[in-house]
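Peer 1: With the input below, show me the fold.
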Amino acid sequence: MGDTMNHIERIVASMTNAPVDRLTTLPLASEVNRRLVGATNREYCEDPKVRAAADIAGWKYFGYEAILGLTSLSIEAEDLGTDVWFPDENTPQTRNPAIKNVEDYETLEVPEDKMFTTMEGRMGQFAIGTRMIKERIGDGMGVAQGNTIVVPLVCGPLLQLTQSTFAEQVFMDMYLHPNEVHKALKVTTETATKHIAAQAANGADTCVMDYLWANYSVLGDKEYNEFEGDKYGPVCNKAEEDNGILFGIHSCADLPNMDVQVKKWKPVYFSYCHYPNMVGSLTEAEVILNGYGDDTIMMGGLNPQMWVRATPEQMREATIDMLESVSAALVTKGLNSRFSICSGCEVPPALSTNMANIQMMVDTVKNEGPKIMEKAGLPKP
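Peer 2: Predicted coordinates for the structure are as follows:
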């Protein structure tokens, strides 16, 4: 059963909860796509031409819905002064943090403008890569003709801060030195808004904000709202609207705070992960039945370990299970299309990732999805 809608038609239909020929699908494949063009991970992260070539190659080869931009969570932190180590074949890691003591919270500064716009900054490299992708997919910096959208990831203020030192240290300092932490968060918030503006200026259709620490296994409502949810996150969210792009969120946390991130902030889409062995981690059906998909496209997530450990047949079975449970839940809630079959976190960039699993998930959504949706009672477009 072939597609009867293109990527853009399907994405826009999902945004408005209109019927679709099949659900959208987006394995969060970014750094792993370097393998399709024979590049190292460092080349992918630091060379916009390599990133553009790899991301477009992945989109075309696997046939998923959108082009996700992600070159690790260390982008802003490096431009804020943190030293980052780049393994050739795995995720970059911070090793010499910009914040080493309490005084460093107060001396942290927003990077110079050139770090957002030129090759001198990781954020600049990332934004330039976005422009190259937009130019190469032939849509002249507009969304309508390119048959897809380009979705770079921007780290939220608190995540930038934990990447600039150590998460445990930041959480301790929230209690011991809250004023100093707040001063640094004002800096990382401005850094995020400038990064959003740079991405928008280079053609991004949306920025997916990563608010990793809106996560009940780490912070309660009081702590999270004080140090991001009430003050700093909303500033970043508004920056997307002010720059004329769609607002979305990604969280691969085990117990994401969806009441704040989905029901309160109302993003167009929310990407998350379900961890079957974690008590309280909502299944895909529960997410829909609890109302989180009423106004937001929920992008529900296969366990990240499956990309390495599962066989293609196991990936096919897991994808079918998700399609069946999601389709039934959508019908129960009177929804048509506000769910996307995704990976819960970035497809691991390590060489141990089985690229055939990416293809299997996408092909299963395309080949099996329409039959499963029809059987569940979802309407056709």
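Peer 1: what ranges do the strands span in the stretch 101-250 of the chain?
Peer 2: Residue ranges of the strands in the stretch 101-250 of the chain, as given by DSSP state E, counting those that start in this stretch, are 150-155, 206-210, 246-251.
Peer 1: Which strands and helices lie in contact with the shortest one?
Peer 2: Put plainly, it is strand 206-210. Packed against strand 206-210, as judged by 3 or more C-beta pairs under 8 Å, 6 or more residues apart in numbering; DSSP states H and E, are the following elements: strand 150-155, helix 178-201, helix 232-242, strand 246-251, strand 269-272. In short, each C-beta sits where N, CA and C put it, glycine included.
Peer 1: thinking again about what came up before, let me know which of the strands of the stretch 101-250 of the chain is tucked in deepest.
Peer 2: Mean neighbour count (mean count of other C-beta atoms under 10 Å) peaks for strand 150-155 among the strands of the stretch 101-250 of the chain, with a mean of 27.
Peer 1: residues in contact with that strand?
Peer 2: Where contact means C-beta atoms under 8 Å, 6 or more residues apart in numbering, the residues beyond strand 150-155 that reach it are 66-70, 73, 75-77, 126-127, 130, 133-134, 137, 163, 192, 195-196, 199, 203-210, 236, 248, 250.
Peer 1: Only whichever of those residues are buried, select them in ChimeraX.
Peer 2: Provided next is the ChimeraX selection string for whichever of those are buried by 16 or more other C-beta atoms under 10 Å:
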select :66,67,68,69,70,73,75,76,77,126,127,130,133,134,137,163,192,195,196,199,203,204,205,206,207,208,209,210,236,248,250
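Peer 1: picking that back up, could you say which one of the strands of the stretch 101-250 of the chain comes nearest to Ser325?
Peer 2: With distances scored as C-beta to C-beta, the stretch of the strands of the stretch 101-250 of the chain nearest to Ser325 is strand 246-251 (20.6 Å).
Peer 1: Can you show me the CA trace of the closest one as PDB?
Peer 2: Backbone C-alpha positions of strand 246-251 (Å, rounded to 0.1, in the frame of the first residue of the first chain) are rendered in PDB as follows:
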ATOM      1  CA  LEU A 246       7.000  26.200  14.900                       C
ATOM      2  CA  PHE A 247       7.600  25.400  18.600                       C
ATOM      3  CA  GLY A 248       8.500  21.800  19.600                       C
ATOM      4  CA  ILE A 249      10.000  19.900  22.500                       C
ATOM      5  CA  HIS A 250      12.100  16.800  22.800                       C
ATOM      6  CA  SER A 251      12.800  15.000  26.000                       C
END
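Peer 1: Paired strands for that strand, with orientation please.
Peer 2: According to DSSP bridges, strand 246-251 forms sheet pairs with strand 206-210 (parallel), strand 269-272 (parallel).
Peer 1: pLDDT (mean, whole number) over stretch 116-127?
Peer 2: Here stretch 116-127 scores 96 as its mean pLDDT.
Peer 1: buried stuff in that stretch?
Peer 2: When neighbours are counted by 16+ other C-beta under 10 Å, the buried residues of stretch 116-127 are found to be Phe116, Thr117, Gly121, Arg122, Met123, Gly124, Gln125, Phe126, Ala127.
Peer 1: do stretch 306-323 as well
Peer 2: For stretch 306-323, a neighbour-count test (16+ other C-beta under 10 Å) marks Met306, Trp307, Ala310, Pro312, Met315, Arg316, Ala318, Thr319, Met322, Leu323 as buried.
Peer 1: Surely the second one is in contact with Asn357?
Peer 2: Spelled out, that is Trp307. Yes - in this structure Trp307 lies within contact range of Asn357 using C-beta atoms under 8 Å: 5.4 Å.
Peer 1: now the strands of the stretch 101-250 of the chain as a markdown table including distance to Leu378 and mean pLDDT?
Peer 2: Putting the strands of the stretch 101-250 of the chain into a markdown table (distance: least, C-beta to C-beta, whole Å; pLDDT from 0 to 100) gives the following:
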| stretch | distance to Leu378 | mean pLDDT |
| --- | --- | --- |
| strand 150-155 | 25 | 97 |
| strand 206-210 | 25 | 97 |
| strand 246-251 | 23 | 95 |
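Peer 1: Nearest to Tyr224, out of those?
Peer 2: Ranking these by their distance to Tyr224 (criterion: C-beta to C-beta) puts strand 246-251 first, at 11.7 Å.
Peer 1: angle of that closest one against helix 232-242?
Peer 2: Regarding strand 246-251 and helix 232-242, their directions subtend 140 degrees when assessed with axes from the mean of the first three to the mean of the last three C-alpha atoms, to 10 degrees.
Peer 1: so after strand 246-251, what's the next helix or strand?
Peer 2: Taking DSSP states H and E as the definition, the helix or strand that follows strand 246-251 towards the C-terminus is helix 258.
Peer 1: can I see the domain layout of this protein?
Peer 2: The record's domain split for the chain, according to automatic domain parsing, is 1-29+273-381, 41-63+66-246.
Peer 1: Grab the most central residue of this structure for me.
Peer 2: Centrality entry for the chain: nearest residue to the mean C-alpha point is His250, 4.1 Å, by C-alpha atoms, centre = their mean.
Peer 1: residue contacts, that residue?
Peer 2: When contacts are counted by C-beta under 8 Å, 6+ apart, His250 is found next to Leu28, Leu153, Val208, Met209, Asp210, Phe270, Ser271, Tyr272, Met299.
Peer 1: Now for this structure, the helix or strand with the poorest mean pLDDT.
Peer 2: In the chain, the helix or strand scored least confidently by mean pLDDT, DSSP states H and E is strand 93-96, which has a mean of 84.
Peer 1: So which elements touch that strand?
Peer 2: If contacts are counted by 3+ C-beta pairs under 8 Å, 6+ apart, strand 93-96 sits against strand 83-85.
Peer 1: so what does the strand it packs on touch, helix or strand wise?
Peer 2: Counting contacts by 3+ C-beta pairs under 8 Å, 6+ apart, the secondary-structure elements packed against strand 83-85 are strand 93-96.
Peer 1: can I get the CA coordinates of the strand it packs on in PDB?
Peer 2: Backbone C-alpha positions of strand 93-96 (Å, rounded to 0.1, in the frame of the first residue of the first chain) are rendered in PDB as follows:
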ATOM      1  CA  GLN A  93      31.500  14.500  25.500                       C
ATOM      2  CA  THR A  94      32.300  17.400  27.700                       C
ATOM      3  CA  ARG A  95      35.600  17.000  29.600                       C
ATOM      4  CA  ASN A  96      36.800  20.400  30.800                       C
END
